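>>> what follows is a protein structure lacking sequence information:
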């Protein structure tokens, strides 16, 4: 099938590189909020701000095509206003009851790298958020949760997302994250951590509309950046599904029957390949497309995006699973973006439609962050499912 049309959302130019997309769909306003890091270079340590654009969804009634018209970019968090701490890893999560969007992110001191934190076992990351009640027109002051979560002081490094969080049917807010715990070193080791701090996926959750937050248990298997989705089976049992980055080989998949408080790692079926030293991927759940109108009580299927090569970041694929608790159930990928492809971010728009942000380009995956819109029909045809 033909390649989807893409629209540039954030274009990288000299001394201005955009990376790490995050996406939120505001159903009340029928608009998309796209977030990214604005950096001086491609280096993680050069992040200067988190930026946002608002996307207006336009549907052509005659052709049924859906497009997005993007606003001008604006900074929502800036390093110069954070006492020299650089903002990274945008991760939006929305509380439906209070109509509040939380934008979580981490702030890291100066130009300290994650490798430095792992080496010395000193966590320089703060966990912060800002909120909006008017679809990003205005934002609150920064809230820093670091001192309220003592576990963070025991980790060598920490980050949220990047990508979206979720609110479960019960109302719990969940923010995906990962932390580097310590490991035992030999007596001949010349430093405390020696790069052997072990990363594991985790989530931050709140049951009081974001007033207080706490961490879940960590996954038992080594895992890094992750995204999560709530799924529901034919008996209306609900689970939290976690899909996490790994270092080579295959993705880590896990499920929770405790609403995200702890997870069981699924045995790998070798369906979801990991790229080189790893790459972020995105996952969303959506109502089973059986011909009926969308319902929160329907069984939930999963859609997942990630580069399909095991060696380099190319050929962004879309995978479909109609049985989220079975790692063997994933389809073959539909290559949505041939060529250089990096981080991606999905949002479900309803009525079988999806939006995706993706890092992509002609020669490098960090040339731009682009958007595209596609339907379940595209997915079904592309994956042969």
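Okay, I see it. Keep in mind it's a predicted model, so treat the numbers as computed, not measured. Residues are numbered from 1 along each chain as shown.
>>> chain center to stretch 136-147: distance?
Stretch 136-147 has its C-alpha centroid displaced from the chain centroid by 19 Å (CA atoms, centre = their mean, to the nearest Å).
>>> what comes up buried for that stretch?
Residues of stretch 136-147 classed as buried by neighbour count (16 or more other CB atoms under 10 Å): 136, 139, 142, 146. (Glycine included, C-beta is placed from N, CA and C.)
>>> which residues touch it?
Defining contact as CB atoms under 8 Å, 6 or more residues apart in numbering, one finds that stretch 136-147 is touched by 33, 52, 54, 76-77, 82, 101, 103, 107, 125-132, 152, 213.
>>> tell me which of these fall in helices.
Among the contacts of stretch 136-147, none falls in helices (DSSP state H).
>>> biggest strand in this structure by residues?
When the chain is parsed with DSSP state E, its longest strand is strand 334-350.
>>> packing partners of it?
strand 17-26, strand 282-287, strand 300-307, strand 314-321, strand 353-360, strand 368-375, helix 376-383 (3 or more CB pairs under 8 Å, 6 or more residues apart in numbering; DSSP states H and E).
>>> the fifth one vs helix 376-383, what angle?
Direction vectors for strand 353-360 and helix 376-383, defined by axes from the mean of the first three to the mean of the last three CA atoms, to 10 degrees, enclose an angle of 60 degrees.
>>> summarise which helices and strands strand 353-360 is packed against.
For strand 353-360, the packing partners by 3+ CB pairs under 8 Å, 6+ apart are strand 17-26, strand 282-287, strand 300-307, strand 334-350, strand 368-375, helix 376-383.
>>> swap in the last one?
When contacts are defined as 3+ CB pairs under 8 Å, 6+ apart, helix 376-383 packs onto strand 314-321, strand 334-350, strand 353-360.
>>> got those strands as JSON lines, with mean pLDDT, distance to residue 48 and mean neighbour count columns?
Compiled in JSON lines, these are given as follows (pLDDT from 0 to 100; distance: least, CB to CB, whole Å; neighbours: other CB atoms under 10 Å):
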{"stretch": "strand 314-321", "mean pLDDT": "97", "distance to residue 48": "26", "mean neighbour count": "24"}
{"stretch": "strand 334-350", "mean pLDDT": "97", "distance to residue 48": "18", "mean neighbour count": "22"}
{"stretch": "strand 353-360", "mean pLDDT": "97", "distance to residue 48": "18", "mean neighbour count": "25"}
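>>> return the set of buried residues in the helix or strand of the chain with the lowest mean pLDDT.
Sorting the helices and strands of the chain by mean pLDDT, DSSP states H and E puts helix 114-120 at the bottom, at a mean of 81. Residues 114, 117-119 are the ones in helix 114-120 that count as buried (16+ other CB under 10 Å).
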